[in-house]
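Any chance you can model this:
(one chain, ligands or ions: 3)
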Amino acid sequence: MRRKRILITSVLAALVGVAVPLAVAYQLSLARAVQGEEARLRVLANYSLERAQRTLDSAGAALRRFEPLAVTPCSAAHIEALRQTTITTRSVDDIGYVEQGMLKCSASGMQATPVKITPADFVLDNGIGVDFDLRPAVSGGERMVGLALGRHKALVAPVRFADVIVERNVQMAVALAHGGVLGVLHQPDMAVVATLLAGSQARDGNLHAVVARGGLIAVMTAPRSTLEARLSSELAVLLPVGLLMAAFIVGLVAWLSRRRLSLLGELTIALERREFFVHYQPIIALDTGVCVGAEALIRWQRPDGSMIRPDLFIPVAEESGLILPITDEVIACVIADLRDALVADRALHVAINLCASDIETGRVLDVLERALAGTGIEAQQIWLEATERGFINANAARATLEKARARGHAVAIDDFGTGYSSLASLQSLPLDALKIDKAFVDTIATDAATSSVTPHIIAMARGLKLLIVAEGIETQEQADYLAARQVEFGQGWLYARALPAPDFLAFYKARRPRQLP
Ligand code: C2E
Ligand code: MG
Ligand code: MG
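Ligands and ions are numbered 1, 2, ... in the order given. Predicted coordinates for the structure are as follows:
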């Protein structure tokens, strides 16, 4: 069951470890492909704008040649000049002369049938009027763009404004900045073109580029299928990186789970072989410097002499449930190691760390009761330390803590401030003491951002009438700071590391109150 849980967690972690890098590689490749393709469309749009501008300029220059008119209107010389200009100006298909709103003559000669000429749809800054949709007889009813200056009007085929070579699936429209479309290529969806010209996003699933320059706007669209080639070349680069990452994560997960499995196996054997023992870190009354107790900290030494740190094996033990016999072992060690000292000095206490399931089930209290029976040690001499992880099931935790206090044990919240517990949950739990985590003690007398939190934790504990134990005191400055704020107890390397039982007893004797034997 324990092995199964570790295996399931590992398989899930490995699946996530494969999926995430591959998904990231794909998304990055896609984003790069879209970027690349849109950049290409912008280059094309720029190029088409250049061509459209050239068309406008050359048609404008052709018209200006007749303003003012140096010859008699519609004379042979005028008509010849119109014909010559039409032939030599690539962008202009015909030029007509307009008088009193009627076409009088054009490059093809005198006008036989009357044609009414309406005012231009729009006038450019340079005075040239623009008609977007003329359908003159001369073009066989095909749409033409009209450009008018003075009494002359030139006809320009719309294709001259969208005169670039692009693939069939790339569509384009060139318009005036105010929105009138001059020319299109490959029949774009005009609703999409209108949306893009209005400066909005078109959500038709295609790729777009909009470029504005010199009073003209070019709009390009291309289907997403044009991404395929780019996407595969991007994937060719990024997918191997994603695969490498995935392989690394799977390897790491496999290594970690093997380690956890073997650690679990070793833990089971270690319990049978009784490879655990307890070290004691003195707890000092900060005002007098007297040693008032100790925290029992488990140690595991393997037969080869190597030590394994509790923060490595406690989580595996908690996850697998092996922590329960480990707690029992700690209780047995504490009684064996410190019984005489505890019986001789009722002011001495030992703090035992409980795991989350100890707090949730309350099982440890009965173990303690049985273990203490007949030893002469009083329940009030055994403090219990609970971390916030034990408070997830608040009702169960409250029941255990109340029971513990009813039996005489003092209960402390350990590593306070590193978890998620709120002030409200702290208020509702029956506690006697609060241990300020080393992380906060470390910030004392530094300008780290958390240093301002320490006084608040102290004030809060005071408000809740809790005793305070500061953990991890390493400097005299920290000790002075805490003592000045009436923090009752402290432990840390400034006083002593966690010591084997005989060393702790020696330390305690040197630091106990004078009046004791
Ligand atoms: P903890 O309960 O917060 O214990 C304090 C840890 O801080 C201990 O590490 C102690 O050796 C270390 N420490 C104390 N003073 C200083 C200092 O001045 N500087 C530095 N750098 N460290 C200091 P340890 O013994 O490695 O224990 C680590 C954690 O393992 C404990 O944190 C506790 O959560 C857990 N643990 C230890 N023994 C037991 C046990 O018997 N049962 C359970 N359930 N957990 C235990
Ligand atoms: Mg502790
Ligand atoms: Mg702690």
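
part of a strand, is Gln281?
Yes: with DSSP: H, G, I helix; E, B strand; the rest coil as the criterion, Gln281 is part of a strand.

and it, how far is that from ligand 2?
9 Å (CB to the ion, to the nearest Å). The C-beta positions use only the backbone N, C-alpha and C, and glycine is treated the same way.

now do Val115
100 Å.

ditto for Leu368
The spacing between Leu368 and ligand 2, counted by CB to the ion, is 16 Å.

just Phe132 next, same as before
Per CB to the ion, Phe132 is found 82 Å from ligand 2.

Confirm that that residue sits in a strand.
Yes: per three-state DSSP, Phe132 lies within a strand segment.

What mean pLDDT does whichever helix in the chain runs longest get?
When secondary structure is assigned using DSSP state H, the longest helix within the chain turns out to be helix 2-64. Regarding helix 2-64, the rounded mean pLDDT is 92.

do stretch 359-377 as well
Stretch 359-377 shows a mean pLDDT of 95.

distance between the longest helix of the chain and the chain's centre?
Centre-to-centre, helix 2-64 and its host chain are 20 Å apart (CA atoms, centre = their mean, to the nearest Å).

Likewise for stretch 119-126?
The answer for stretch 119-126 is 52 Å, by CA atoms, centre = their mean.

again with stretch 412-432
Remark: stretch 412-432 is offset 30 Å from the chain centroid, using CA atoms, centre = their mean.

tell me how far the ends of it are from each other?
6 Å (CA to CA, to the nearest Å).

in it, what counts as buried?
Neighbour-count burial for stretch 412-432 flags 412-417, 419, 421, 426, 429, 431-432 (criterion: 16 or more other CB atoms under 10 Å).

buried set for stretch 264-271?
For stretch 264-271, by 16+ other CB under 10 Å, it's 264, 266-267, 270-271.

repeat for stretch 274-289
Of the residues in stretch 274-289, 275-286 count as buried by neighbour count, 16+ other CB under 10 Å.

just stretch 429-448 next, same as before
Of the residues in stretch 429-448, 429, 431-444 count as buried by neighbour count, 16+ other CB under 10 Å.

does the strand or helix carrying Glu295 come close to ligand 3?
For Glu295, the host element (DSSP states H and E) is strand 291-301. No: Strand 291-301 lies out of reach of ligand 3 by CB under 5 Å from the ion, never closer than 8.2 Å.

And for stretch 314-329?
No: against ligand 3, stretch 314-329 shows no contacts by CB under 5 Å from the ion, the least distance being 11.9 Å.

Tabulate the CA atom coordinates of that stretch in CSV.
Output of stretch 314-329 as CSV, limited to C-alpha atoms (Å, rounded to 0.1, in the frame of the first residue of the first chain):
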residue,chain,number,x,y,z
ILE,A,314,10.5,12.4,8.3
PRO,A,315,8.5,13.4,5.1
VAL,A,316,8.8,9.8,3.7
ALA,A,317,7.9,8.4,7.1
GLU,A,318,4.9,10.7,7.4
GLU,A,319,3.7,9.8,3.9
SER,A,320,4.0,6.1,4.5
GLY,A,321,2.6,6.0,8.0
LEU,A,322,5.9,4.8,9.4
ILE,A,323,6.1,8.0,11.5
LEU,A,324,3.7,6.5,14.1
PRO,A,325,6.2,3.8,15.3
ILE,A,326,8.9,6.4,15.0
THR,A,327,7.0,8.7,17.4
ASP,A,328,6.7,5.7,19.8
GLU,A,329,10.4,5.1,19.5
